[in-house]
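Q: sequence first, then the predicted structure:
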Amino acid sequence: MYKNSPDGLIGNDDCGQMSAWYVMSALGLYPFCPGSDQYVIIPPIVSSYTLNLPNSNTLNVQSHYASALYVQPTFNSKPYLKSYINHSQLMQGGLWQWHSASHQQWGQLPEHRPVSSMN
């Protein structure tokens with residue numbers, strides 16, 4: 001049943017990595033690149049949730065769209081155009097909301113996209 005090989009632990013999902021990836025993605029936060037402090041943001045599959053952060057701050061996320069073709073996030077009631085968030089900004093907490101939009105604005109410009117190269 002248990003042996004020293006990749007399939008040696010029954011039910012092992014890469015020591016929790018696959019389930020952690022699913023939970024983060026379902027919450028709308030995708031760790032973009034190992035070693036980077038950026039998360040790609042996507043609309044979550046749940047309507048609302050609250051993260052109690054280790055620094056005692058909270059991040060509240062709410063989705064106010066129903067099968068919309070375009071969505072627009074707001075962060076603390078201000079339009080948020082970037083398609084990513086830095087870890088330090090995430091740790092500040094706040095209110096993250098997803099709304100239906102009539103056209104695409106979010107993540108359109110190159111500066112609104114995460115850095116995809118390492119220097």
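A: Received the coordinates, thanks.
Q: just to check, residue 52 is in contact with residue 60?
A: No - between residue 52 and residue 60 there is no contact under C-beta atoms under 8 Å: 10.4 Å. Just so you know, the C-beta spots here come from the backbone N, C-alpha and C atoms, and that holds for glycine as well.
Q: the more surrounded of those two?
A: A count of neighbours by other C-beta atoms under 10 Å puts residue 60 above the other of residue 52 and residue 60, at 13 against 10.
Q: centroid-nearest residue for this structure?
A: Among the residues of the chain, the one closest to the centroid is residue 29, at 0.9 Å (C-alpha atoms, centre = their mean).
Q: residue contacts, the nearest residue to that residue once chain neighbours are set aside?
A: Distances taken as C-beta to C-beta, 6 or more residues apart in numbering place residue 39 nearest to residue 29, at 4.5 Å, with adjacent residues excluded. By C-beta atoms under 8 Å, 6 or more residues apart in numbering, residue 39 lies in contact with 24, 29, 30, 31, 32, 84, 85, 86, 87, 90.
Q: are any of those residues buried, and if so which?
A: Listed as buried from the contacts of residue 39 are 29, 32, 84, 85, 90; burial here means 16 or more other C-beta atoms under 10 Å.
Q: quick one: the helices in this protein?
A: Along the chain, counting by DSSP state H, helices occupy 17-26, 87-91.
Q: please pull out the lowest mean pLDDT helix or strand from the chain.
A: Sorting the helices and strands of the chain by mean pLDDT, DSSP states H and E puts helix 17-26 at the bottom, at a mean of 84.
Q: okay, that helix in PDB with CA atoms only?
A: Only the C-alpha atoms of helix 17-26 are listed here, as PDB (Å, rounded to 0.1, in the frame of the first residue of the first chain):
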ATOM      1  CA  GLN A  17      -0.700  21.400  -4.300                       C
ATOM      2  CA  MET A  18      -3.600  20.300  -6.600                       C
ATOM      3  CA  SER A  19      -6.300  21.000  -4.000                       C
ATOM      4  CA  ALA A  20      -4.700  24.300  -3.100                       C
ATOM      5  CA  TRP A  21      -4.600  25.300  -6.800                       C
ATOM      6  CA  TYR A  22      -8.300  24.500  -7.100                       C
ATOM      7  CA  VAL A  23      -9.300  26.500  -4.000                       C
ATOM      8  CA  MET A  24      -7.300  29.500  -5.000                       C
ATOM      9  CA  SER A  25      -8.700  29.400  -8.500                       C
ATOM     10  CA  ALA A  26     -12.300  29.000  -7.300                       C
END
